[in-house]
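Enquirer: quick one: sequence plus predicted model below, questions after.
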Amino acid sequence: QKEVEQNSGPLSVPEGAIASLNCTYSDRGSQSFFWYRQYSGKSPELIMFIYSNGDKEDGRFTAQLNKASQYVSLLIRDSQPSDSATYLCAVNQAGTALIFGKGTTLSVSS
Amino acid sequence: DAGVIQSPRHEVTEMGQEVTLRCKPISGHNSLFWYRQTMMRGLELLIYFNNNVPIDDSGMPEDRFSAKMPNASFSTLKIQPSEPRDSAVYFCASSHGTGSGALHFGNGTRLTVT
């Protein structure tokens, strides 16, 4: 059974702080890693993806991957109230569908 | 681009009734996915199609669930008979290729079975 694990939260951070979201996965064959954001009552939307070990930065977002530890993280710098949402980690192998974690709820207070 | 279009947005039905959910993927996308989301189980993959062919339906809960994709622009998910435990939000998503993780989700159908 392929699993993707995330702390459900809520993770609460003050505005301007760094939010750190974590994810572990069970399938060592996983090749691609994704972070989706889902606002309450809305559908998930892709915000980041990473394929190689190390860091990948996109604006205020940084995705980090450590395949040896089967660990993926998402850092959000200068957190804003508009970042308050549920963040879903997802993984897949080549040619297979995404398997999602249950998500971590982030709350950014102003 | 209109995005992935799902209908209906909301469906309330009684136990035992047949429910049909519909999805129109983004034009040009050749992979289509059906996911179900609940608080308890999160976002679960039910089935996905590549070039209109079902590739993996291992996530379909039981024989009460069936999905079809008769052409590149339309898919249905049918539940017959429906049960209260089927209550969830059902999302359809499409992408270029199965291995692409860049899924475009529809707005979802919120199903309530009483």
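Expert: Structure's in. What do you need?

Enquirer: for chain B, which spans come out with low pLDDT?
Expert: B:1, B:98 (pLDDT under 70).

Enquirer: return the residues of it in contact with chain A.
Expert: B:33, B:35, B:41-45, B:48, B:55-56, B:91, B:98-99, B:101-103, B:105-108 (Cβ under 8 Å from any Cβ of the partner chain). Backbone N, C-alpha and C define where each C-beta goes, glycine included.

Enquirer: tell me what the helix or strand hosting B:Arg36 is packed against?
Expert: Assigned by DSSP states H and E, B:Arg36 falls within strand B:31-38. With contacts defined as 3 or more Cβ pairs under 8 Å, 6 or more residues apart in numbering or on different chains; DSSP states H and E, strand B:31-38 has these neighbours: strand B:42-50, strand B:74-79, strand B:88-95.

Enquirer: for it, buried residues please.
Expert: Within strand B:31-38, the residues that count as buried by 16 or more other Cβ atoms under 10 Å in any protein chain shown are B:Ser31, B:Leu32, B:Phe33, B:Trp34, B:Tyr35, B:Arg36, B:Gln37.

Enquirer: check stretch B:88-106 too.
Expert: B:88-95, B:98-101, B:103-106.

Enquirer: out of those residues, the closest to A:Ala68 would be?
Expert: B:Gly101 (21.1 Å; Cβ to Cβ).

Enquirer: spell out the secondary structure type for the closest one.
Expert: On the three-state scheme (DSSP: H, G, I helix; E, B strand; the rest coil), B:Gly101 is labelled coil.

Enquirer: quick check: phi and psi at it.
Expert: Backbone geometry at B:Gly101, expressed as degrees, to the nearest 10, gives phi -90, psi 0.

Enquirer: what do you get for B:Phe105?
Expert: When read as degrees, to the nearest 10, the backbone of B:Phe105 gives phi -90, psi 150.
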